[in-house]
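Colleague: output the structure for:
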Amino acid sequence: MPTQATRTPSSNSGSKLRSKSNLNVKTRNTKPKKEAELDNKTIQSIQKIFDSQKAKSLELRQSTPAERIEKLKKIQESILRNQTKIQEALRKDFNKSEAETDISEILPTIGESKDAIRHLKYWMKPQRVGTPMTMFGAISEIHYEPKGRVLIISPWNYPFHLAFAPILAAIAAGNTVILKPSEFTPATSKLTKYMLAEIFSEDEVAVLEGDFRVSGILNDLPFDHIFFTGSTHVGKIIMEKAAKNLTSVTLELGGKSPAVLTEEADIKHAAESIVWGKFLNAGQTCVAPDYLFVPESRKEEFIDAAKLAVNKYFGSNSENKSQSKDFCRIINARNYERVTGYVNEAVKQGAKIEMGGDFDAADNFISPTIVSGLPEHSRIMHDEIFGPVLPIMTYKDQSEVIDFINSKPKPLAMYIFAKAKDKIKNLLKSTSSGGAVINDVIIHLVNPNLPFGGVNHSGIGSYHGIFGFKQFSHERSVLKQAPISSIKMMYPPYTNFVKKMVALTTKFFL
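Modeller: Alright, predicted model coming up:
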């Protein structure tokens, strides 16, 4: 049963609830032991797998579309065959419901696989591009070749989809893969390893479980590409280590993604969309709305609509929400304490809990929470929350919103709820984000025809669909010269005739 944190009263606080947080006080305050270094046997095993993928990566350069498609089909079949096991694993790891697992983990992964299977033959074809008149007769093409040995480091918040989606793209592009899944979701990691081992030998796709020490060993190896999904802090470490080997990187990070309601927005629709997107996966989503700007005159209307949406989705009181099978838990005690710490600190600084604020340390449960009146200097307005807490800020003029967003690092996503096209256009042109959605949240990432990724602090590179195939491919320029080359007319010695030809070319043909 949830307990209430230090908070101001709210209209839906429900009955008084007994605290269970003391059950974990001793354990959580214990200083963590220093982790031992990996033993030589484990390090040698990692090196052996990495070395074995060298020869395989060269072999895969010759693979045909049909061969790669067959592998993608096997992955897809395995996902469908193991759907119940995937649901069970996510339930064990952080109480995710079967329906939410299907919607947020399995459905988008199957979508990625089907898109790649449908289009891979075309993606792999050399793409003819134009050739300047100065090279008359020559043919120019772009060939997509595999980068080679790829390291994928997947996160815990969507441990299935964010492991398999990049794997599908890497396999489609013809690479070998070493996957390092998160140690915080052991059931899903174990199942992922089992599923991939049924399809691939370790010299093509290997899953290496373990903690940050395994990641550290892997990051020091000279991979041809590293694909990392996680925090900006760790992303900087990944990029720094990759630089030593001149390894290219894709960094799928996060940040504080804003949502903005304009004066004429449909409040009911906005509230239902934002509540769904914010509290999906208990807010542990990199593209979840991290804070909301609402016109001063419509704040209370939005809060009332949000309460109705939360009650509709998860139950009408704190006990219902804590027992809802459709609301998952915070991944571990450390993240629970981090998020509840944000809320308690904000309340002490004068913020008001408009909804929720019910916590249960024994179950890592945080109820859907809305907070207003936040001081700008509070940590909750600087750090990515990654939990089911939505700060609300009010504004009078749209310029206030734009100035605030631009004062922060560029976010992974931005959500605009508006009807006026000029306001939408102004917000888009005046700000920057990895992606943007108008009158909804999150759904842009399930469209394989849109690149998904961040910008600057929220990420480097993008994937999904053809963009994932290209991310794991080297775009090789190939020019086929004609039997009779016009370029030879410009070889030395540089006579007056050659100089005239250069002058004419510069004037008329460039």
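Colleague: show me what the helix or strand encompassing Ile416 is packed against.
Modeller: Element membership of Ile416, judged by DSSP states H and E, is strand 413-417. Contact here means 3 or more CB pairs under 8 Å, 6 or more residues apart in numbering; DSSP states H and E; on that basis strand 413-417 packs against strand 258-261, helix 267-279, helix 421-430, strand 435-438. C-beta coordinates here come from the backbone N, C-alpha and C atoms, glycine included.
Colleague: can you give me the buried ones in the second one?
Modeller: In other words, helix 267-279. For helix 267-279, a neighbour-count test (16 or more other CB atoms under 10 Å) marks Ile267, Ala270, Ala271, Glu272, Ser273, Ile274, Val275, Gly277, Lys278, Phe279 as buried.
Colleague: just flag the most distant two among those residues.
Modeller: Ile267 and Phe279 (17.7 Å; CB to CB).
Colleague: and of the helices and strands packed on strand 413-417, who's closest to Ser378?
Modeller: strand 258-261 (16.0 Å).
Colleague: beta partners of Ala259?
Modeller: Under DSSP bridges, the beta-bridge partners of Ala259 are Leu292, Tyr415.
Colleague: pLDDT weak spots in this structure?
Modeller: 1-36, 318, 320, 510 (pLDDT under 70).
Colleague: residues in contact with stretch 314-331?
Modeller: 1-2, 12-15, 17, 93-97, 99-100, 156-157, 184-185, 279, 281-282, 284, 310, 313, 336, 339, 358, 360, 363-368, 387 (CB atoms under 8 Å, 6 or more residues apart in numbering).
Colleague: run the last query once more with 6 Å
Modeller: 2, 14, 94-97, 156, 184, 282, 336, 358, 364-367 (CB atoms under 6 Å, 6 or more residues apart in numbering).
Colleague: what is the nearest of the residues you listed to Lys41?
Modeller: Looking across the contacts of stretch 314-331 and measuring by CB to CB, the closest to Lys41 is Phe184, at 24.5 Å.
Colleague: quick one on the thing from earlier: return the strand holding Ile416 as PDB; C-alpha atoms alone will do.
Modeller: What follows is strand 413-417, C-alpha atoms only, in PDB (Å, rounded to 0.1, in the frame of the first residue of the first chain):
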ATOM      1  CA  ALA A 413      11.200  15.500 -28.200                       C
ATOM      2  CA  MET A 414       8.800  18.400 -28.000                       C
ATOM      3  CA  TYR A 415       5.000  18.200 -27.900                       C
ATOM      4  CA  ILE A 416       2.700  21.000 -29.000                       C
ATOM      5  CA  PHE A 417      -1.000  21.000 -28.400                       C
END
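Colleague: would you turn the buried residues of helix 267-279 into TSV with distance to Arg81?
Modeller: TSV is the format used below for the buried residues of helix 267-279 (distance: CB to CB, whole Å):
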residue	distance to Arg81
Ile267	44
Ala270	40
Ala271	39
Glu272	35
Ser273	34
Ile274	36
Val275	34
Gly277	30
Lys278	33
Phe279	31
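Colleague: Leu504: which of the helices and strands packed on strand 413-417 is closest?
Modeller: Nearest to Leu504, of all the helices and strands packed on strand 413-417, is helix 421-430, at 42.2 Å by CB to CB.
Colleague: the closest one: which residues count as buried?
Modeller: Buried residues in helix 421-430, counted by 16+ other CB under 10 Å: Lys423, Ile424, Asn426, Leu427.
Colleague: and for stretch 142-159?
Modeller: Quick answer for stretch 142-159 (16+ other CB under 10 Å): 144, 146-159.
Colleague: centre of the chain versus it, how much separation?
Modeller: 13 Å (CA atoms, centre = their mean, to the nearest Å).
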